[in-house]
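Novice: please work out how this folds:
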Amino acid sequence: MQKDRIKKNKWKQLHLYYTYTGFYKFIIEGLKSAFLPTVIIVGALLYVHYNVININVALVNFTQNYSDFAIFSVFFASESILGLIPPDIFIAWTKNTDHPILFLSILALLSYLGGVVSYLSGKAMLLIPSVNKFMFTKMSKHITNMRKWGGFLIAVGALLPLPFAMASMAAGMIKFNFKNFLLFALLRLLRFIIYGFAIYQML
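Specialist: Presented below is the predicted three-dimensional model:
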């Protein structure tokens, strides 16, 4: 009974900490900022699919023009360098391959590894003072948030439509425990399962 009370108090204190430091507000604002671009991308895909050209046909043609290795390479590079291309486009591509579930799984793994590369890149920047100073200035907000919220920020970046690569790089720059980073980042795999199911149903 006493252990349950202690555990309950611990979670209560944790909740109060995240409330006072603005963690929940950060998530809400991040989702709001990501909502419009997501709606635009999905809306554009659906409009093109039903009014211009069948997306499935377009993706099949795309698959025929580029090798699987080339597409995976572009995706991995994007996920390793600040997530430049929305992963939803690549998820839609996997639906029209010969092995959609396998290819979706490869995307999820590459995205996870891309986060690891971003983490290691952030850590490597510490070895170059000029680059380190520049990046600390550019990413001051992310670094401050990472110091306050640690693994929870990594989990949010991995699971929600928020900048996972940025969170990963910030984790590396503050020398966040690597093993803990790998554990929290596993939620990235879950994101691809959820988004894959949703996109497969739409197209």
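Novice: use CA for all of it now, contacts and neighbours both
Specialist: Fine.
Novice: so which residues of this structure form helices?
Specialist: According to DSSP state H, the chain carries its helices in the segments 2-20, 23-47, 55-65, 68-80, 87-95, 100-124, 129-138, 140-149, 151-159, 164-173, 178-185, 187-202.
Novice: same for the fourth one, what does it pack against?
Specialist: The elements that helix 68-80 packs onto, with contact taken as 3 or more CA pairs under 8 Å, 6 or more residues apart in numbering; DSSP states H and E, are helix 100-124.
Novice: from the contact counts, what lies against the helix it packs on?
Specialist: Helix 100-124 is packed against helix 68-80, helix 87-95, helix 164-173, helix 178-185, helix 187-202, with contacts defined by 3+ CA pairs under 8 Å, 6+ apart.
Novice: buried residues in it, which are they?
Specialist: Of the residues in helix 100-124, those with enough neighbours to count as buried (16 or more other CA atoms under 10 Å) are 100, 103-105, 107-123.
Novice: ok, now stretch 146-160?
Specialist: Within stretch 146-160, the residues that qualify as buried by neighbour count (16+ other CA under 10 Å) are 146, 148-151, 153-160.
Novice: so how far does that stretch reach from one end to the other?
Specialist: One end of stretch 146-160 to the other measures 16 Å (CA to CA, to the nearest Å).
Novice: what comes into contact with that stretch?
Specialist: Among residues not part of stretch 146-160, those counted as contacts by CA atoms under 8 Å, 6 or more residues apart in numbering are 18, 21, 23, 27, 31, 145, 162-165, 167-168, 170-171, 174, 176, 180-181, 184-188, 190-191.
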